[in-house]
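A.B. asks: Quick one, fold the following:
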Amino acid sequence: MNIVHLRPKQRSKYRIMLGKWYYSTKRYIQWLADGKTYAKRFQQEKLPCTAIQHRTILLRKLKDVDMWYQQNKVVNLKIAVKKLNGIVIRPGETFSYWRLIGKPTRKKGYVEGMVLHYGSFQTGIGGGLCQLSNLIYWMTLHTPLTVTERYRHSFDVFP
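C.D. replies: So this is what the prediction gives:
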């Protein structure tokens, strides 16, 4: 029987830093040059029908993880949700999570939270935002919408 152990590739901190810069820059260039129309229109009033809704637990007691990670995650999620709640995706438009949220920074109010890093965790500004992106991905799978791109952690925790 073949057993496959999936582990992230180990990279030096300089390679990780360079990779973050490269992929962020690549994403910004794609946004400018890809010819896509990105969803950016907001609507205050709720639409008359709901395609899908779901609730997810925000505070979880995880083994060997301090609760402040979870509490800070909630702070970060509240900031991000304000950037997404009410967005209307019209036919032909592309929804981009990171284009709408932007880079999470202290200046925007984001705080240190748990960030997955090569199969373990560390602290990072905006930690916990993956919970929201995974939720949106899961909900999208239950609609007629098409997922055209998805970026995940080096270790995919999504079922």
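
A.B. asks: can you give me the helices for the chain?
C.D. replies: 13-33, 67-84, 97-101, 129-140 (DSSP state H).

A.B. asks: can I get those in TSV with distance to residue 109 and mean neighbour count?
C.D. replies: Where C-beta positions appear, they are placed from N, C-alpha and C, glycine not excepted. TSV is the format used below for the helices of the chain (distance: least, Cβ to Cβ, whole Å; neighbours: other Cβ atoms under 10 Å):
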stretch	distance to residue 109	mean neighbour count
helix 13-33	20	11
helix 67-84	5	16
helix 97-101	12	17
helix 129-140	13	17
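
A.B. asks: would CSV of the ones you listed with mean pLDDT and distance to residue 121 be doable?
C.D. replies: Shown next, in CSV, are the helices of the chain (pLDDT from 0 to 100; distance: least, Cβ to Cβ, whole Å):
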stretch, mean pLDDT, distance to residue 121
helix 13-33, 88, 15
helix 67-84, 92, 8
helix 97-101, 94, 21
helix 129-140, 89, 11
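
A.B. asks: Could you export these as JSON lines, including distance to residue 47?
C.D. replies: Formatted as JSON lines, the helices of the chain follow (distance: least, Cβ to Cβ, whole Å):
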{"stretch": "helix 13-33", "distance to residue 47": "26"}
{"stretch": "helix 67-84", "distance to residue 47": "15"}
{"stretch": "helix 97-101", "distance to residue 47": "18"}
{"stretch": "helix 129-140", "distance to residue 47": "15"}
